[in-house]
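*Asks:* only the shape, not the letters, is given here:
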Ligand SMILES: *Cc1c(COP(=O)(O)O)cnc(C)c1O
């Protein structure tokens, strides 16, 4: 059996150590617990242990798990960390608190339109991160490096999105620190404070490079069952 509560404690300790070594305040690092592909009951165990910030990579899957979990734990915060199709924007905005994967003009426009619609009737404001394809991988989501500056500006200035940070997923098998350093540099150029980078295998390195959000799945919940 995977001991989720014990894993959370161990990872929070590693995060504290990494923050301390980097001379950073522990408060500046948030652990995003990624429960994707696992049943909602596993996230519930983490919630019961006091964890509040979670990530899911599919809107539809999150919709099967999170309405009941959020009802039981109203302080829970949900981050979308997977690609978002424009036809799912309404559902995503209704359920998620942070969308980490804004990566193309059509999506930025659809998000802006949905948020304008909501402005008329609710207070909910969705925080957005722009996903950067730092490894220029054709199969991966994220805006390409050469388009990143203009896209970030356009999200804020043309679409009025509340962009607070950047997110990246370095190519598998490559040294991640170059990608982390690059993401940080782009964020600094735009005065963005939040950096979502680092997963189970490399979150401590990411913290050394300034990660404010580390997205950790298997180290908390165990190996994912096949889809
Ligand atoms: C699955 C996933 C994670 C978590 O991966 P682990 O290696 O299990 O920690 C982090 N970020 C994204 C975008 C993911 O899809």
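*Replies:* The structure has been received and is ready for your questions. Keep in mind that this is a model prediction, so the values were computed, not measured.

*Asks:* C-alpha from now on. contacts and neighbour counts both.
*Replies:* Fine.

*Asks:* got the contact list for residue 30?
*Replies:* Going by C-alpha atoms under 8 Å, 6 or more residues apart in numbering, residue 30 touches 53, 212, 213, 214.

*Asks:* hey, what's it bridged with?
*Replies:* residue 213 (DSSP bridges).

*Asks:* does the biggest helix by length in the chain reach the ligand?
*Replies:* Across the chain, the longest stretch assigned as helix under DSSP state H is helix 4-21. No. On the criterion C-alpha under 6 Å from any ligand atom, helix 4-21 is out of touch with the ligand, staying 11.3 Å away.

*Asks:* and stretch 96-112, what's its mean pLDDT?
*Replies:* Mean pLDDT, stretch 96-112: 98.

*Asks:* same question, stretch 171-189
*Replies:* For stretch 171-189, the per-residue pLDDT averages 97.

*Asks:* any buried residues in that stretch, and which?
*Replies:* Within stretch 171-189, the residues scored as buried using 16 or more other C-alpha atoms under 10 Å are 176, 177, 179, 180, 181, 182, 183, 184, 186, 187.

*Asks:* that one: how far from the chain's middle?
*Replies:* Distance of stretch 171-189 from the chain centroid (C-alpha atoms, centre = their mean, to the nearest Å) equals 15 Å.

*Asks:* check stretch 65-81 too.
*Replies:* Per C-alpha atoms, centre = their mean, the centroid offset for stretch 65-81 relative to its chain is 14 Å.

*Asks:* give me the residues contacting it.
*Replies:* 32, 39-40, 44, 47, 51-59, 92, 95-101.

*Asks:* what about 7 Å?
*Replies:* 40, 44, 52-57, 96-101 (C-alpha atoms under 7 Å, 6 or more residues apart in numbering).

*Asks:* of all pairs in those, which one is the farthest apart?
*Replies:* 44 and 101 (24.4 Å; C-alpha to C-alpha).

*Asks:* the more surrounded of those two?
*Replies:* For the pair residue 44 and residue 101, the greater number of neighbours falls to residue 101 (25 against 20), based on other C-alpha atoms under 10 Å.

*Asks:* secondary structure class of that one, three-state.
*Replies:* strand (DSSP: H, G, I helix; E, B strand; the rest coil).

*Asks:* can you pull out the low-pLDDT segments for this protein?
*Replies:* Scanning the chain for pLDDT under 70 picks out 120-123.

*Asks:* if you set the cut-off to 90 instead, what comes out?
*Replies:* Along the chain, the model assigns pLDDT under 90 to residues 1, 116-125, 225-227.

*Asks:* interface residues of it facing the ligand?
*Replies:* 34, 57, 81, 82, 199, 200, 215, 216, 217, 218.

*Asks:* let's see that with 5 Å instead.
*Replies:* 81, 199, 200, 215, 216, 217, 218 (C-alpha under 5 Å from any ligand atom).

*Asks:* so which of the residues you listed are in helices?
*Replies:* residue 218.
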